[in-house]
Every structure is written in structure tokens, then in C-alpha cells.
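Asks: return a 3D structure for these sequence lines:
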Amino acid sequence: MQTVTLNNGLKMPQIGLGVWRVEDGQVATDSVKQAIEVGYRSIDTAAIYKNEAGVGQGIKESGVPREELFITTKVWNSDQGFDSTIKAFDESLEKLGLDYVDLYLVHWPIPAKDKYIDTYKAMEKLYEDGKVKAIGVCNFEIEHLERLMAECTVKPVLNQIECHPYLGQHELKEFCAKNGIFVESWSPLMQGGAVLEDKIVCNIAEKYGKEPAQVVIRWHLQSNAIVIPKSVTPSRIASNFDVFNFELTEDEMTCINDLDRSERKGPHPNDMNIE
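Replies: Modelled structure (predicted):
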């Protein structure tokens with residue numbers, strides 16, 4: 001397992017299992033168990049995914065010691081604010097059946113609501129109290145990060161953003177790198193999968209005898225991003241993890257970087273629904 005060291009010294013696996021839109025109950029439990037069996041040690045969920053209980057059961061049934069796993073969850077938009085964030089965290093922890101989470105994130109900034117500073121300050125309290133090992137954000141633009149760092153004490157360890165070859169996020173990545181904040185890519189294979197049919201990606205995949213998805217995941221890893229591909233299919237869960245036995249050349253990385261067309265599949269952070 002390849003890890004990165006976050007700005008607070010905590011080590012985090014560079015690849016994890018995302019569980020957005022994974023059905024709660026047995027489906028979530030089985031997906032988590034399968035991923036852990038393959039070798040994943042990082043699982044990324046969120047309150048709004050409504051599958052924290054199933055994820056927690058999968059963790060429990062995996063038989064792997066808790067300290068060997070890295071578990072992430074997130075506070076949803078409707079729970080933003082200091083007191084409501086603390087309450088939401090306690091509910092997530094109970095559903096997961098855990099004593100702590102490794103990483104707690106603000107899911108969206110929702111600038112129209114203007115509560116992300118109070119929300120983050122609540123997360124700082126959870127961090128100080130030892131209930132979380134690290135805190136960070138999702139979907140924050142440069143302006144949101146600048147304000148957060150100016151008004152809060154604990155620098156976020158990462159910013160989880162939509163990122164794939166058709167949405168390279170190069171300016172935001174550069175800002176995060178300069179400030180010691182890792183980028184974590186959600187929807188790393190692009191919703192709808194168009195990037196997996198791109199000729200450049202497919203040609204590189206053919207060269208290495210790999211799947212296009214494996215090439216794209218490798219691109220994320222070599223871009224120094226953390227990546228959380230989602231799947232409930234055992235063969236795909238295993239395939240997405242089988243990316244440590246080849247390496248893209250500098251020219252291949254450049255070719256994939258040049259595919260950027262600023263094509264979002266999710267909403268722009270400033271346009272996200274408040275609730």
C-alpha cells in the first residue's frame with residue numbers, strides 16, 4: 001500500500017474505496033469487505049451517502065484491526081454550523097460503530113449559507129479532542145481555502161474535489177500543493193466514463209496491457225493526488241487497486257494532462273444546493 005504523509009504527520013493510503021451511491025446494508029458491507037480483502041486500507045463515505053452503517057459493518061466483519069484502516073466521513077450541508085456539526089459527527093460515529101474517524105471533511109463550502117467557517121471550527125474542536133485524526137474539506141475553491149486559512153487555526157490536510165483527465169483542476173492543484181494541502185480526487189474515472197473511451201487513454205492502456213481505468217488511476221497517483229475510485233463489482237474493485245506494477249512516462253502524463261477541457265459532471269461549488 002502506497003501512502004502519503006499529510007501536513008499533520010498522519011499517513012494516509014493514496015488509494016481508497018469510494019462508496020458514493022453504494023446501497024446501505026449488505027451491498028455496502030460486502031463492497032467494503034471485498035476492498036479490504038484485496039488490500040485497500042482506506043474507505044471514504046459521508047453522512048449524505050446514507051451508508052455509514054453498512055460501511056461500519058464491513059469494517060467490523062473484515063477482521064482487520066481498526067488501527068490499520070483509514071476511515072473518512074463528511075458533514076453534510078444541512079448540518080453546517082458549530083453545534084450541528086458536532087451533533088452530526090456524533091451520529092456518523094455511532095452509525096459507523098467506531099471510536100474515532102481518521103479524517104472528517106466539510107462536504108461543500110456552500111458560500112451562500114456562509115457557515116463553513118463555523119463548521120470547520122467545530123471540526124477543529126473534534127480534532128483537538130482526539131475524536132478525529134485529521135480534518136479537511138471537499139469542493140473548496142481557492143477563495144474558500146484562503147478565507148479558511150485566514151480565519152481558522154488548523155490547516156486542512158486535503159481538499160477532495162472532482163478531478164479526472166477532462167477536469168484537470170491544474171490551478172487549484174497548484175495552489176493546494178503550495179500550501180501543503182493534498183488533493184483527493186472524487187469521480188476520478190469521470191461519471192459516465194467518457195474519459196475511459198478516449199483514444200489517448202486507450203492507446204496507453206494497450207501499451208501496458210492495462211485497463212483504461214487503471215491508466216487514469218495511475219495518472220492521479222503520479223500527479224501526487226489521493227484517489228478514491230468507487231465500485232461494487234469485486235473484479236473492478238480488485239482491478240482498480242492493481243496499479244502499482246507499471247508507471248506512466250513523463251510524455252504520457254503530459255498527454256493526459258492536455259486532455260483537460262474543464263468538463264464538470266458535478267455542480268460547481270458555488271452553485272451547489274444549500275440543502
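
Asks: next SSE downstream of the top helix by length along the chain?
Replies: Longest helix in the chain by number of residues (criterion: DSSP state H): helix 82-96. Using DSSP states H and E, the next helix or strand after helix 82-96 towards the C-terminus is strand 101-106.

Asks: contact partners of the longest helix of the chain?
Replies: With contact meaning C-beta atoms under 8 Å, 6 or more residues apart in numbering, helix 82-96 is reached by 45, 47, 52-53, 55-56, 59, 71, 73, 75-76, 79, 99-101, 104, 118-119, 121-123, 125-126, 131-132. Glycine gets a C-beta too; all of them are placed from N, C-alpha and C.

Asks: that helix versus strand 101-106: what angle between them?
Replies: Compare the direction of helix 82-96 with that of strand 101-106 by axes from the mean of the first three to the mean of the last three C-alpha atoms, to 10 degrees and you get 140 degrees.

Asks: would you mark the buried spots in helix 82-96?
Replies: 82, 84, 85, 86, 88, 89, 92, 93, 95, 96 (16 or more other C-beta atoms under 10 Å).

Asks: quick one: pLDDT of the second one?
Replies: By that I understand residue 84. For residue 84, the pLDDT comes out at 98.

Asks: all helices of the stretch 101-250 of the chain, in order?
Replies: For the stretch 101-250 of the chain, the helices defined by DSSP state H, counting those that start in this stretch cover 116-128, 142-151, 170-178, 199-208, 212-222, 234-241, 250-257.

Asks: who are the packing partners of the fourth one?
Replies: Identification of packing neighbours for helix 199-208 by 3 or more C-beta pairs under 8 Å, 6 or more residues apart in numbering; DSSP states H and E yields helix 212-222, helix 250-257.

Asks: could you do the third one as well?
Replies: Applying 3+ C-beta pairs under 8 Å, 6+ apart, we find helix 170-178 packed against helix 142-151, strand 158-162, strand 182-186.
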